[in-house]
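Test case, fold it:
(one chain, ligands or ions: 1)
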Amino acid sequence: MPQPARKTVDDFTHEYEQYEDIAESLLKRTHHRPSLAVICGSGLGGLADLLENPDAFNYEDIPYFPTSTVHGHVGRLVFGLLNGVTVVCMQGRFHFYEGYDMSKTTIPVRVFKLLGVHTVIVTNAAGGLNPEFKIGDIMLIKDHINMPGLAGNNPLMGQNDRRWGPRFVSLCGAYDRDLRELARNVATNLGLDEILREGVYTMVSGPCFETVSEAKAFRSLGSDCMGMSTAPEVIVARHCGLRVLGISLITNNVVQEHDSDDFPDHEAVLIVGKQRAHDLQRLISELIFRIADEYEGPATAVSDVKDDDDVHNGHNGKNGH
Ligand SMILES: O=P(O)(O)O[C@@H]1C[C@H](O)[C@@H](CO)O1
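Okay, the predicted model is just below:
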């Protein structure tokens, strides 16, 4: 029997029911019931390889999903256990510069909501603007400046479906203060305070890296680092009531001198991602445990038994519901 053609991102028209279709198709294929999600930035996808009892789905095999086209973004949604907690990881994200509408780059965030996720950890690689930052620093995002959004490319453009959230969304406190405090404490316990920073992330559309004059302008506006993602995902997450922790890895210094011979390079970004992968993974893994502990009680024993009752009851690690 010929298989029906996969519904592609071009068929996606943002109906609530289409998001439901995606979520249902995933829930039928995994017994994991995550309540935390992690979006892995450039070069940071190694975290997803650490999940135990993984169920991994290539984006090509998920209805309506865009596909990853950027080196350093594998292109899989991975469900599994991290530090005893059931999570779902995007091993690679979608960027506006890949040619997807802003609202299509954020499809997975609403799918997370339908899967039962309450908290999203959004990571990225970013260029440092703050002169005190060093390559390899980890920055907790306390706020963003969304350049494409200010220019009219906001993922919430168009009709609002109240089932997701209100028409007008406040982004005050979008990067959850309590989660940032928790992250600072966890970083201290792990001996990472020397490299831990906090600051403002500016999103530009890419794919060009910024000019020297743009970089100087963003620094004077109060930006600490710059990147090409994250803000749309955070907007959509906040719109549907997900809590957000944002983490930037400073992978390069943004050039702010016209006579500098320095220049940004994606391969160098990926190398720094690899070099700092272990520390970031320790931080996120411990944070996930602490968030789950705080919000869902202590971890229970994990079973990888898969039977029909588990699918329906969601018994899988501490986050089953
Ligand atoms: O997906 P993220 O935001 O981590 O990726 C950054 C921005 C560009 O995609 C790329 C530039 O090197 O890294």
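
Next one: residue 245 from residue 193, what distance?
The spacing between residue 245 and residue 193, counted by Cβ to Cβ, to the nearest Å, is 17 Å. Where C-beta positions appear, they are placed from N, C-alpha and C, glycine not excepted.

who's more crowded, the two?
For residue 245 versus residue 193, neighbours defined as other Cβ atoms under 10 Å are more numerous around residue 245 (24 against 10).

Contact partners for the more buried one?
Under the criterion of Cβ atoms under 8 Å, 6 or more residues apart in numbering, the contact list for residue 245 reads 119-122, 140, 175-176, 179-180, 183, 287.

what about it, which helix or strand?
Element membership of residue 245, judged by DSSP states H and E, is strand 243-253.

which residue sits closest to the residue of the chain at minimum distance from the ligand, ignoring its sequence neighbours?
Shortest the chain-to-the ligand distance, computed as Cβ to the nearest ligand atom: residue-wise this is residue 41, at 2.7 Å. Spatially, and ignoring its direct neighbours in sequence, residue 41 is nearest to residue 124 (3.7 Å; Cβ to Cβ, 6 or more residues apart in numbering).

Enumerate the beta-bridge partners assigned to the one you found.
Applying DSSP bridges to residue 124 gives these bridge partners: residue 248.

partner residues bridging the residue nearest to the spatial centre of the chain?
Relative to the mean C-alpha position of the chain, the nearest C-alpha, by Cα atoms, centre = their mean, is the one of residue 39, at 2.5 Å. In this structure, residue 39 has the following beta-bridge partners (DSSP bridges): residue 90, residue 122.

pretty sure it contacts residue 112?
No - using Cβ atoms under 8 Å as the test, residue 39 is too far from residue 112 to be in contact (9.1 Å).

Please identify every residue contacting each of the two.
Taking Cβ under 8 Å, 6+ apart as the contact criterion, the common neighbours of residue 39 and residue 112 are residue 120.

Please give the element, helix or strand, for residue 57.
Assigned by DSSP H and E, residue 57 belongs to strand 52-58.

Report all helices and strands that that strand contacts.
helix 16-29, strand 76-82 (3 or more Cβ pairs under 8 Å, 6 or more residues apart in numbering; DSSP states H and E).

Go through those and pick out the most buried.
Using mean count of other Cβ atoms under 10 Å, the stretch among the helices and strands packed on strand 52-58 with the largest mean neighbour count is strand 76-82, at a mean of 24.

Now do it and helix 16-29, the angle between them.
50 degrees (axes from the mean of the first three to the mean of the last three Cα atoms, to 10 degrees).

Strand 76-82 relative to strand 52-58, how many degrees between them?
Going by the same axes, to 10 degrees, strand 76-82 makes 170 degrees with strand 52-58.

Give me the below-cutoff pLDDT ranges for the stretch 151-300 of the chain.
For the stretch 151-300 of the chain, the stretches with pLDDT under 70 are 296-300.

At the contact with the ligand, which residues of it appear?
Within the stretch 151-300 of the chain, the positions adjacent to the ligand are 206, 227-229, 266, 269 by Cβ under 6 Å from any ligand atom.

mind listing the helices for the stretch 51-200 of the chain?
For the stretch 51-200 of the chain, helices defined by DSSP state H, counting those that start in this stretch occupy the ranges 102-105, 107-115, 147-150, 177-189.

To residue 19, which of those helices lies closest?
Smallest distance to residue 19 across the helices of the stretch 51-200 of the chain (Cβ to Cβ): 4.9 Å, for helix 107-115.

ok, and what's touching that closest one?
Applying Cβ under 8 Å, 6+ apart, the set of residues contacting helix 107-115 from outside is 9, 12, 19-20, 22-23, 26-27, 33-34, 37, 39, 64-66, 77, 88, 90, 93-94, 120, 164, 233, 236-237, 240-242.

go on, stretch 181-195?
Residues outside stretch 181-195 that contact it (Cβ under 8 Å, 6+ apart) are 134, 136-138, 140, 196, 198, 245, 247, 279, 282-283, 286-287, 290-291, 294.

do the same with stretch 80-89
Looking at stretch 80-89 with Cβ under 8 Å, 6+ apart, the contacting residues turn out to be 32-40, 45, 47-48, 50-55, 77-79, 112, 115, 117, 284-286, 288-289, 292, 299, 302, 316-320.

how long is it end to end?
With Cα to Cα, to the nearest Å as the measure, the first residue of stretch 80-89 is 8 Å from its last.

Check stretch 63-83 too.
Here the two ends of stretch 63-83 are set 29 Å apart, with distance taken as Cα to Cα.

Quick check: closest non-adjacent residue to residue 22.
On the basis of Cβ to Cβ, 6+ apart, the spatially nearest residue to residue 22 that is not a chain neighbour turns out to be residue 111, at 5.0 Å.

Measure how buried the one you found is and give me the count.
Counted with other Cβ under 10 Å, residues neighbouring residue 111 total 24.

same thing with the one 3 residues further on?
The local packing of residue 114 (other Cβ under 10 Å) involves 17 other residues.

Likewise for the one 10 residues further on?
When counting by other Cβ under 10 Å, one arrives at 28 neighbours for residue 124.
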